[in-house]
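1. Okay, predicted coordinates and the sequence, questions at the end:
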Amino acid sequence: MKKFFLVVGAALFFLWGGFCWPVWAATLSLVNVPDSVIYDQEFLIEVYFNINAQNTIYYLRPCFYSEGSANYFGCVKVGEDWVCDSQVNKTAYLPIVTNDQGVWQGQILVLAGRNEVGEFNFKIRRYTAGGSSLDSDPVTIKLIEPEPQVTPTLLPTLTPDPSPLPPTST
C-alpha cells in the first residue's frame with residue numbers, strides 16, 4: 001500500500017509540475033522563402049521568433065550550407081552594410097528585440113554572398129550576446145546563375161549604290 005501512494009504521489013508531482021511550470025521553448029520560423037534565387041541577388045524573407053524572454057536583444061544570421069556540412073555562408077543587411085559569413089563577434093549580425101510577449105517578427109534582407117550554384121539548405125540562426133544559438137528548420141533553396149546579358153551585335157548599315165539616272169531628252 002505504501003508503494004501505491006508513493007507511485008501515485010510521484011505521478012501527481014510530475015503531472016502538477018507539467019501544468020504549473022512554464023515551458024521554456026523557443027520557435028524560429030521562416031515564411032515566404034523563395035525556391036530559387038540568383039546567387040548575387042538580395043531577397044527578403046519573413047522571420048517569426050517566439051521565446052519566453054521579453055524585451056531581449058538577439059542577433060539573426062542567414063546560413064546557406066550543403067547537406068552534411070557545417071560550412072555556412074550568407075549575408076544579412078545591417079543598416080547600410082552587409083555582414084557576411086562567420087563572424088567571431090556574433091553581435092555583428094542583425095540585431096532584433098523581442099516585444100513584451102517575447103515575440104519578434106519582421107523581414108530581413110539576405111544575400112548568398114558567394115558565386116555558388118546548386119541546391120543548398122537554408123536556415124536562420126539566432127544568437128544571444130553570449131553566443132548560444134537556435135536554428136530555424138532548414139528549407140531548400142536553389143542558387144542559380146544570372147541570365148547572360150545579350151548585347152546586340154551591330155550590323156553594318158547598307159547604303160544603296162547610286163544608280164545611273166535615265167537619259168533626259170532635250
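-> Yep, it's here.
2. Next secondary structure after the worst-scoring helix or strand of the chain on mean pLDDT?
-> Here the helix or strand of the chain ranked lowest by mean pLDDT, DSSP states H and E is helix 2-20, holding a mean of 44. Using DSSP states H and E, the helix or strand that follows helix 2-20 in sequence is strand 27-31.
3. Pull up the pairing partners for that next one, direction included.
-> When sheet partners are counted by DSSP bridges, strand 27-31 sits next to strand 43-50 (antiparallel).
4. Dump the strand it pairs with to CSV, restricted to CA.
-> Once non-C-alpha atoms are left out, strand 43-50 reads as follows in CSV (Å, rounded to 0.1, in the frame of the first residue of the first chain):
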residue,chain,number,x,y,z
PHE,A,43,15.9,38.8,-51.3
LEU,A,44,13.6,39.4,-48.4
ILE,A,45,12.4,36.7,-46.1
GLU,A,46,9.9,36.9,-43.2
VAL,A,47,11.0,35.6,-39.8
TYR,A,48,8.9,34.8,-36.8
PHE,A,49,10.7,34.3,-33.5
ASN,A,50,8.9,33.5,-30.2
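5. And the contacts of that strand?
-> Strand 43-50 is touched from outside by 26-34, 37, 58, 60, 62, 96, 98, 102-111, 124, 126, 136, with contacts defined as CB atoms under 8 Å, 6 or more residues apart in numbering. C-beta coordinates here come from the backbone N, C-alpha and C atoms, glycine included.
6. Out of these, which sit inside helices?
-> Taking DSSP state H, every one of the contacts of strand 43-50 sits outside helices.
7. what's the nearest residue to the most centrally placed residue in the chain if we skip its chain neighbours?
-> In the chain, the residue lying closest to the centroid (CA atoms, centre = their mean) is residue 62, at 4.3 Å. Leaving aside its sequence neighbours, residue 62 sits nearest to residue 74 (CB to CB, 6 or more residues apart in numbering; 3.9 Å).
8. Please tell me how far the one you found sits from residue 55.
-> To residue 55, residue 74 is 28 Å away according to CB to CB, to the nearest Å.
9. Between the two, point out the one with more neighbours.
-> Each of residue 74 and residue 55 has its neighbours counted (other CB atoms under 10 Å); residue 74 has more, 23 against 10.
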